[in-house]
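[1] Give the three-dimensional model of this entry:
(2 chains)
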There are 2 protein chains.
Amino acid sequence: MSDKKSIYKPRPISGFPEWLPEVRLVEQQWFDHIRRVFESYGFCSIETPSVEEIGVLEAKGEVDKEIYVIERLHKEDGDKEARLALHFDQTVPLARYVAQNFNELVFPFKRYQMQKVWRGERPQAGRFREFYQCDIDVINIDALPLHFDAEMPAIMWEILAALPGMKNEKIQMRISNRKILMGLLGEFAPEKTLSVTRVIDKVEKIGIDRTEAELKNLDLSSSEIQAIKDLIAIKTSDPNDLMKRVTSLSQKYQNNLLLAGTQELFFILENLKHLPPNSCIADLSIVRGLDYYTGIVYETVFLDDPGYGSICSGGRYEDLASGYINKKLPGVGISIGFSRLFERMRLQNKLPVNAKSPADILMVLPSEERRPQTANAAQALRRRGLKVELYHAPKKIPDQMKYASRKGIPFVWFPPFDDAGKHEVKDMTTGQQAEANPDKWEKP
Amino acid sequence: MSDKKSIYKPRPISGFPEWLPEVRLVEQQWFDHIRRVFESYGFCSIETPSVEEIGVLEAKGEVDKEIYVIERLHKEDGDKEARLALHFDQTVPLARYVAQNFNELVFPFKRYQMQKVWRGERPQAGRFREFYQCDIDVINIDALPLHFDAEMPAIMWEILAALPGMKNEKIQMRISNRKILMGLLGEFAPEKTLSVTRVIDKVEKIGIDRTEAELKNLDLSSSEIQAIKDLIAIKTSDPNDLMKRVTSLSQKYQNNLLLAGTQELFFILENLKHLPPNSCIADLSIVRGLDYYTGIVYETVFLDDPGYGSICSGGRYEDLASGYINKKLPGVGISIGFSRLFERMRLQNKLPVNAKSPADILMVLPSEERRPQTANAAQALRRRGLKVELYHAPKKIPDQMKYASRKGIPFVWFPPFDDAGKHEVKDMTTGQQAEANPDKWEKP
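    This is a model prediction of the structure:
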């Protein structure tokens, strides 16, 4: 190579994660596991383009600052195309998709979506600008049974508890119903609903004292503040306890919305009794920031680090696609913040990062002459679903075994070195080596 | 819903494909199949960000017109970040990845990559601006055995022949070696190599007569043009026939590069003899447009529609990452134009599009009282890997069965309607119904 050549040192791009093969392997295990559980409940996959017309994305004004627009580098003047931008979530594209394909879909429409989303954040540590989300939503026409609201956390619990590396994490799903707080506020401060909700949304971060101070700033009376504090202090996994505590509170504030919301939440807890104790609780301080939730809402936290924020969130909404279609389409959805969760586990060295290759077996190549027979043995193993890398050159056996070690390939296969020889396979973990038949051998 | 509400009719974005759930299901089967074969040969997955710094992409100047840059919608003045753009292939990101992670990778580095790429084309029918490619490459330090060049088409043949819906397609992989043409031209017109290559690259499109005319425009003599015509007319799957025909041609033009290239191609054909007759042939008119190929090159066409162009292409290159790192990294790679191929099969109605859901079973809900037992039966089936959608409401049985039909779910499960009842399962294809045990039942 010429020394004169200028060398450009490539560098990572802040906010755009990229993994080494051994980490990517675990990431794939995560995706496979999530997909398997989603599909086991009958959710179908959809995938939308990476972009939407900018008008579609801006319909949900909240995050317009974070949109990445795309443009052809050498675009000609006078291009009349609509501006396109990368989607920042999977809900806005879902709404557009359902409206666009309304007549082709069967309702209730149960879909999962596992795609990259983009947010044009300023680069800063730990903030992704490109990341994966894994969403499920159920949409129906006119009305959607509450059973789906109970199914959502059960599915997510099944997923989160079994993600490779997550076994020892203590996580908790916290469920509330916005109707309860709305009902309470309807009694004495309906016009302050939005501002009170915003204050309560921060309680985990700022603590109850600052929350109380901020509520005072909203000109609420002491008894009103006390009622809000009593409400958001309710945290219980026992449906009867929930009922008792809200009822005691609501003796003063009789309100239909409040009662209906409490009954719904009672129903959800009743339907989650099969999960481990305290995995799912009613927590009436959960409100979720997004305006479009109208009923049940979910958050999920690490119990030993609740300040890290929610890793799996969602809720019920009245109407998915009202801007696009003259049908009422209520839905309920929940989403795993995949990349954020994966990155946390990675940084804490909790991922089972072992192999740099998906191969089960490294097939030793004894000599150039034995290549055809050796390739046949590899092919026989592949036909039965095994992943086999055939070593590329008849190097010394220790060199070939070293290659298997470096890639973390768990078995090394020795094919016959001559016509009289036998197949043997070595378990690189235990060191045991035994005769084997490529048409029959299975991983132990 | 209010009638006053303005309704925005969403529309597809030209060049950004999106599928209904039933098509997406087949697309997933394609991805799963491709991934399974890649991994069965020990290729590891990597995934690079959707974007690269624009300087990285422009290093390969050829396609700079087609780059999509991304920009924050509300970017502040004075932002000093490098400009980012969506990648237009997976080779440029691979080169950057290998250079950046050189010390962490084990060589030969065998990776597969199945991602979206973007090209900022003017919108036009049949031209995608966002599409999937499925690539494999093997990279080594200093030298890479020719066996990998033979493995590439074998792997791709295994994939293409078994993609759902592709069974009856007659496809052919056409293999050449750029060294042969380079060697020939080295004898009488080394300075015209690039322009001659460009003419030959079009021969399938423009025919041999126009090719000859264009070669004349390059000021080549009749005997030189004849030699080129004789060379590119060589199409054979028989390695000995290849050797004979090139040798007869090269009696006049003795050239080491030409001979070495022919021997390599002979070796490739020898190593592909296990594939069906005429699935892979040497075709010396194949040159591939891209400059970085230096040896073996591949294309794949539909035999009944060669003008459609190549659906799977690649080749050998001398040095992957010369701009980034002071190591010589030869490699060989091949890529399926996934979206283009999938879209062709879809438009020809050849995809096995059946179900709108991944579910194996629709579990009937007999009554609200029986929900717990019914949910348990569904869970028992899921634990054994079956995909089960539990119907959401105790509607009339014909309604529930109609739902299964509309979604294309192949089995309907009837749990006990009371404590004395039994489980039964109905095969929706055959109409047969039989008693079944949720802890034991398997798909027939």
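[2] Strands of the stretch 51-200 of chain A, start to end?
    In the stretch 51-200 of chain A, the strands defined using DSSP state E, counting those that start in this stretch lie at A:51-53, A:68-72, A:84-86, A:109-118, A:130-139, A:171-177.
[3] Can you say which of these is nearest to chain B?
    Ranking the strands of the stretch 51-200 of chain A by proximity to chain B (Cβ to the nearest Cβ) places strand A:68-72 first, at 3.6 Å. The way it works is simple: take the backbone N, C-alpha and C, and place the C-beta from them, glycine included.
[4] For that closest one, name the packing helices and strands.
    Applying 3 or more Cβ pairs under 8 Å, 6 or more residues apart in numbering or on different chains; DSSP states H and E, one finds that strand A:68-72 contacts strand A:84-86, strand B:68-72.
[5] Single out the most deeply packed of those.
    strand A:84-86 (a mean of 25; mean count of other Cβ atoms under 10 Å in any protein chain shown).
[6] sorry, back to before: Serialize the strands of the stretch 51-200 of chain A to a markdown table and add fields for mean pLDDT.
    Formatted as a markdown table, these follow (pLDDT from 0 to 100):
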| stretch | mean pLDDT |
| --- | --- |
| strand A:51-53 | 95 |
| strand A:68-72 | 91 |
| strand A:84-86 | 95 |
| strand A:109-118 | 98 |
| strand A:130-139 | 98 |
| strand A:171-177 | 97 |
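[7] coming back round to it: how about the helices and strands packed on strand A:68-72 in TSV, adding distance to residue B:271?
    As requested, the helices and strands packed on strand A:68-72 are exported to TSV (distance: least, Cβ to Cβ, whole Å):
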stretch	distance to residue B:271
strand A:84-86	44
strand B:68-72	40
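[8] out of those, nearest to residue B:304?
    Nearest to residue B:304, of all the helices and strands packed on strand A:68-72, is strand B:68-72, at 34.7 Å by Cβ to Cβ.
[9] returning to what we had before: could you export the strands of the stretch 51-200 of chain A as JSON lines, including distance to residue B:408?
    Below are the strands of the stretch 51-200 of chain A laid out as JSON lines (distance: least, Cβ to Cβ, whole Å):
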{"stretch": "strand A:51-53", "distance to residue B:408": "29"}
{"stretch": "strand A:68-72", "distance to residue B:408": "36"}
{"stretch": "strand A:84-86", "distance to residue B:408": "33"}
{"stretch": "strand A:109-118", "distance to residue B:408": "14"}
{"stretch": "strand A:130-139", "distance to residue B:408": "18"}
{"stretch": "strand A:171-177", "distance to residue B:408": "33"}
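[10] Of these, which is nearest residue A:346?
    Among the strands of the stretch 51-200 of chain A, strand A:130-139 sits nearest to residue A:346 (Cβ to Cβ), with 13.1 Å.
[11] how about the CA coordinates for the closest one, as PDB?
    Provided in PDB are the C-alpha atoms of strand A:130-139 (Å, rounded to 0.1, in the frame of the first residue of the first chain):
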ATOM      1  CA  GLU A 130     -32.000   6.700  15.600                       C
ATOM      2  CA  PHE A 131     -33.500   3.900  17.700                       C
ATOM      3  CA  TYR A 132     -35.800   0.900  17.600                       C
ATOM      4  CA  GLN A 133     -39.300   0.800  19.100                       C
ATOM      5  CA  CYS A 134     -41.400  -2.400  19.400                       C
ATOM      6  CA  ASP A 135     -45.100  -1.500  19.400                       C
ATOM      7  CA  ILE A 136     -48.400  -3.400  19.600                       C
ATOM      8  CA  ASP A 137     -51.700  -1.800  19.100                       C
ATOM      9  CA  VAL A 138     -55.300  -3.200  18.700                       C
ATOM     10  CA  ILE A 139     -57.700  -1.000  16.800                       C
END
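[12] and that strand with chain B, contact?
    Yes. Strand A:130-139 lies within reach of chain B by Cβ under 8 Å from any Cβ of the partner chain, at residue A:130.
[13] Just give me the neighbour total for the residue nearest to residue A:275 when sequence neighbours are not counted.
    Once flanking residues are discounted, residue A:275 sits nearest to residue A:157: 5.5 Å by Cβ to Cβ, 6 or more residues apart in numbering or on different chains. For residue A:157, the neighbour count with other Cβ atoms under 10 Å in any protein chain shown is 21.
[14] Isn't residue A:157 up against residue A:280?
    Yes. Residue A:157 is in contact with residue A:280 according to Cβ atoms under 8 Å; the separation is 6.8 Å.
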